[in-house]
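**Q** need a structure here:
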Amino acid sequence: MSKRRWKRLIAWAVLIALVWFALDWLAGWWYRRGPAVRVDATPAQIERGRYLVAAADCAACHTADGGAPFAGGVPLASPFGVIHGTNITPDADTGIGRYSADDFFHAITRGEARDGHQLYPAMPYVSYKTIARADSDAIYAYLMTRPAVKRENSANGVGFPFNIRTGIHAWNLLFAGAQARPASQGQSPQWKRGEYLVETLGHCGECHSPRGWLGQVDRSKPLAGNDALGRFAAPNLTPQGLAQRGWDRAGLQDYLARGVAAHAVASDEMLKVVNLSTSRLSQDDVGAIATYLLGDAPPAPLAFAGANAGAGASIGADSAPAQSRYFALCAGCHGRDGQGVPHVAPALAGNTGVRDPNPHNLIVAILDGLPEHDLPGLERMQDMPGFAAQLNDQEVAELAQWLRARYGGQNSQVSAGQVKDLRESAGSH
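**A** Sure, this is the predicted structure:
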């Protein structure tokens, strides 16, 4: 090909790109003009919207710590970079003040903003696509009657080529139409209500299901857990996975409503979910979620036989060093026999964290520690220090393995390599 032809091709490519960006800018300018929309909603519709905003956990992504409600700025980690929750207050310039109810429904179910730009799938529009139109309109009415906050959206930290949002069209063609596959079996009205709350409004599968290499939810393994999305793993929520860790319907209801159950305390992202969402739901809806997660015919929870005093023998290793470290570092709060201290530290005996087949979260808790837990009502748990600076990889592995064997009945090996990987990834989330 001659040099002249190459120059023509390059010139045409540049021209097409300029025209594309010009049209994109004009479309954005056109949709950003005009007055703010005034919403005429009944008190009942606004109150219904308030409830649904909690059920959909909107504040978790759209209200930053210390920030104005729904004004955005929450950093959301992803494999492709940091994405920030946007301003969804009714400010006309920086929020959704010019959105109609139709625009809003289109945005949350199709992933396309009013000005035509594609939303990143961190906005769970793939889950919201099955939301009832009346529910969308109620959410819209509630948000549009909140105080408007003029706050520019934070810049995202998504690198090339994923910062070119046009490419999301292709992602949507491949993955946005996928239908959620139920994680449990049931047909009762309560199960169906729970399915809507879990799969659509609560979009639980967005965190608790594995993802493919392009970030799409693996629909073949619904709620099977995901240990690659954040620092802490989102555990397996299938009926079998829950039963293996000792969960029954009553325990799940306590956990979702109060953040505390007999053998678990909500932590990390799940603590936000409890505080901002599930603790604000009706008892019937919390029960429906528990029914859906376990199914209409739930498997029997695996019984916990009690602390295993022969843990060292069961794991085939000398347990004395690990046991000594437990007494030196952990027993002051969690108790000599792992019984815990009310309002201070949870019990470890039978705790879901030590019963989980995946030791990921236990290792991270030992390395990083945990902040103070401010739970619904008057319940509190004090902070837990991390021991990354005091224990090497082998010592953390031995302690984790001893805890799992003694208090969780788990005899599988915890390796120093697993600890090393999680220690080194501490700054990536």
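
**Q** quick one: the helix or strand in which Ile46 is found to chain centroid distance?
**A** For Ile46, the enclosing helix or strand under DSSP states H and E is helix 43-55. Centre-to-centre, helix 43-55 and its host chain are 22 Å apart (C-alpha atoms, centre = their mean, to the nearest Å).

**Q** Beyond that helix, next helix or strand please.
**A** Remark: after helix 43-55, the chain's next helix or strand is helix 58-62, criterion DSSP H and E.

**Q** Which strands and helices lie in contact with the helix holding Ile46?
**A** On a contact count with 3 or more C-beta pairs under 8 Å, 6 or more residues apart in numbering; DSSP states H and E, helix 43-55 meets helix 133-144. For every residue, glycine as well, the C-beta is placed using N, CA and C.

**Q** Now do the helix it packs on: which elements does it pack against?
**A** Helix 133-144 makes packing contacts with helix 43-55, helix 101-110 when contacts are defined by 3+ C-beta pairs under 8 Å, 6+ apart.

**Q** Which of these sits closest to Gly202?
**A** Taking C-beta to C-beta as the measure, the helices and strands packed on helix 133-144 were each checked against Gly202, and helix 43-55 came out nearest at 6.6 Å.

**Q** got a list of contacts for the closest one?
**A** Helix 43-55 is contacted from outside by 41, 59, 135, 137-143, 145, 197, 201-202, 276-277, 280-281, 285, using C-beta atoms under 8 Å, 6 or more residues apart in numbering.

**Q** if you set the cut-off to 7 Å instead, what comes out?
**A** Residues outside helix 43-55 that contact it (C-beta atoms under 7 Å, 6 or more residues apart in numbering): 135, 138-139, 141-142, 145, 197, 201-202, 276-277, 280-281.

**Q** Among those, which one sits closest to Gly377?
**A** Sorting the contacts of helix 43-55 by distance to Gly377 puts Arg280 at the head of the list, at 12.2 Å, by C-beta to C-beta.

**Q** If we go by neighbour counts, what in stretch 274-292 is buried?
**A** Residues of stretch 274-292 classed as buried under the neighbour-count rule (16 or more other C-beta atoms under 10 Å) are 274-281, 285-292.

**Q** residue ranges of the strands in this structure, please?
**A** Residue ranges of the strands in the chain, as given by DSSP state E, are 75-76, 81-84, 157-158, 260-261, 264-265, 373-374, 380-381.

**Q** from those, which stretch is densest packed?
**A** Each of the strands of the chain was given a mean neighbour count from mean count of other C-beta atoms under 10 Å, and the largest, a mean of 24, is that of strand 264-265.

**Q** Starting from that one, tell me which strands it pairs with and how they run.
**A** Applying DSSP bridges to the sheet, strand 264-265 is found paired with strand 260-261 (antiparallel).

**Q** Now find how far off-centre the partner strand is within its chain.
**A** 19 Å.

**Q** Also stretch 54-61?
**A** For stretch 54-61 - counting by C-alpha atoms, centre = their mean - the centre lies 11 Å from the chain centre.

**Q** so how far does that stretch reach from one end to the other?
**A** Taking C-alpha to C-alpha, to the nearest Å as the measure, stretch 54-61 stretches 12 Å from start to finish.

**Q** can you check stretch 238-250 too?
**A** Using C-alpha to C-alpha, the span of stretch 238-250 from its first residue to its last is 16 Å.

**Q** So which bits of that stretch are buried?
**A** If you call a residue buried by 16+ other C-beta under 10 Å, then stretch 238-250 has these buried ones: 238-239, 241-248.

**Q** Take those and lay them out in JSON lines including pLDDT and distance to Ala180.
**A** JSON lines is the format used below for those (pLDDT from 0 to 100; distance: C-beta to C-beta, whole Å):
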{"residue": "Thr238", "pLDDT": "98", "distance to Ala180": "14"}
{"residue": "Pro239", "pLDDT": "98", "distance to Ala180": "16"}
{"residue": "Gly241", "pLDDT": "97", "distance to Ala180": "17"}
{"residue": "Leu242", "pLDDT": "97", "distance to Ala180": "18"}
{"residue": "Ala243", "pLDDT": "97", "distance to Ala180": "22"}
{"residue": "Gln244", "pLDDT": "95", "distance to Ala180": "23"}
{"residue": "Arg245", "pLDDT": "96", "distance to Ala180": "23"}
{"residue": "Gly246", "pLDDT": "95", "distance to Ala180": "26"}
{"residue": "Trp247", "pLDDT": "97", "distance to Ala180": "21"}
{"residue": "Asp248", "pLDDT": "97", "distance to Ala180": "24"}
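
**Q** The residues you listed in helices, which ones?
**A** Secondary structure defined by DSSP state H assigns 239, 241-244 of the buried residues of stretch 238-250 to helices.

**Q** Out of the residues you listed, flag the one nearest to Arg380.
**A** Minimum distance to Arg380 across those is 26.0 Å, recorded for Leu242 (C-beta to C-beta).

**Q** Return the distance of the closest one relative to Tyr196.
**A** As for Leu242, its distance to Tyr196 is 19 Å (criterion: C-beta to C-beta, to the nearest Å).

**Q** cool, and Asp40?
**A** Taking C-beta to C-beta as the measure, Asp40 and Tyr196 are separated by 27 Å.

**Q** More neighbours: which of those two?
**A** Neighbours were counted for Asp40 and for Tyr196 using other C-beta atoms under 10 Å; Tyr196 has more, 19 against 8.

**Q** residue contacts, that one?
**A** Neighbours of Tyr196 in contact, by C-beta under 7 Å, 6+ apart: none.

**Q** change it to 10 Å
**A** Residues in contact with Tyr196 (C-beta atoms under 10 Å, 6 or more residues apart in numbering) are 55, 130-132, 135, 202, 285, 288-289, 292.

**Q** do Ala400 as well
**A** 322, 354, 359, 362-363, 365-367, 410, 414-415, 418-419.

**Q** Can you check the pLDDT for Glu372?
**A** pLDDT for Glu372: 91.

**Q** so it touches Ala345, yeah?
**A** No - no contact is recorded between Glu372 and Ala345 when judged using C-beta atoms under 10 Å, the distance being 11.3 Å.
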